[in-house]
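# sequence plus predicted model, see below.
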Amino acid sequence: MPIPTPRQALKATGKSASKADIYQRIYDAIVEHRLMPGTKLSEERVAELFSVSRTQVRGVLQRLAVEQLVTLIPNRGAFVTTPSVDEAHDVLEVRRTLEPAIVRRLMDRIAAGKAPQAVKQLRALVKREQQAHANGDRRSAVRLSGEFHVVLAELSGSSLLTRMMRELTPLTCLAILTFEAPTGAACPNDEHTLLIDAIEAGRGDEAVALMAEHLHHIEKSLNLHQEEEPEIDLAEALLG
């Protein structure tokens with residue numbers, strides 16, 4: 001028997017989706033690179049897909065706008081955010097500050113016996129990521145790659161760092177979708193394995209350096225050196 005799609009499963013229950021359901025669907029679609037920057041999210045169409053009112057959809061879109069995943073344009077509607085070069089740089093700079101600290105914090109918890117299953121959990125996640133790559137399941141591979149960084153924050157024991165990483169992950173995805181170079185490999189999964197090895201061995205300085213290098217590789221895979229379009233001289237354009 002074929003596995004039902006989320007849409008078929010929703011119809012089968014005869015229930016409309018909650019705001020949390022709709023939010024998670026849109027979030028996952030961005031993380032899995034199924035929703036591209038600039039895609040219009042019509043209130044009417046989204047409401048139809050989830051069997052809810054436009055008012056409910058509007059609330060979800062406003063939440064996504066606060067998280068900078070959606071851009072609301074008056075009289076035009078909601079669009080999946082297309083980050084600027086400066087915004088992409090900003091997201092990666094914040095991650096370079098946060099994630100080495102997350103690694104340090106996690107290693108301290110492991111050393112104190114407060115996260116005994118952390119390494120096992122991380123290896124299981126990377127194994128799923130590698131299997132997705134082997135199966136040609138790019139959507140799952142991309143989602144699991146981002147999830148690895150969120151789980152690191154969760155295992156560090158900080159709800160604040162976890163929330164921040166959960167917000168930064170889709171913003172990074174939007175930057176990758178907007179600026180990824182044709183030959184780029186945004187998140188090499190072998191680097192995740194090397195990082196886990198260093199964490200398990202208790203090599204703190206090496207683990208921090210590997211995380212910094214990993215984030216540097218992500219940024220290097222993006223074409224963030226695009227020249228800005230010259231400002232158009234309106235008089236020349238209209239009267240020249």
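Arrived safely.

# for the rest of this, base every contact and every neighbour count on C-alpha atoms.
Will do.

# what mean pLDDT does the longest helix seen in the chain get?
Using DSSP state H, we find that the single longest helix of the chain is helix 85-111. The pLDDT scores in helix 85-111 average 96.

# and the next helix or strand past that helix?
helix 118-134 (DSSP states H and E).

# just the angle between that next one and helix 85-111, please?
Angle of helix 118-134 versus helix 85-111, following axes from the mean of the first three to the mean of the last three C-alpha atoms, to 10 degrees, is 140 degrees.

# sort out which residues of helix 118-134 are buried, please.
118-119, 122-123, 125-126, 128-130, 132-133 (16 or more other C-alpha atoms under 10 Å).

# which other helices and strands contact that helix?
Helix 118-134 sits against helix 138-155, helix 189-201, with contacts defined as 3 or more C-alpha pairs under 8 Å, 6 or more residues apart in numbering; DSSP states H and E.

# before we move on, back to that, buried set for the longest helix of the chain?
85, 88-89, 91-92, 95-96, 99-110.

# any regions of the protein where pLDDT drops low?
1-15, 181-189, 226-240 (pLDDT under 70).

# list the contacts of A29.
For A29, the contacting residues are L35, by C-alpha atoms under 8 Å, 6 or more residues apart in numbering.

# element containing it?
With DSSP H and E as criterion, A29 is part of helix 19-31.

# tell me the angle of that helix relative to helix 138-155?
110 degrees.

# follow-up on the earlier one: elements contacting the longest helix of the chain?
The criterion is 3+ C-alpha pairs under 8 Å, 6+ apart, and the helices and strands that helix 85-111 contacts are helix 138-155, helix 159-179, helix 204-220.
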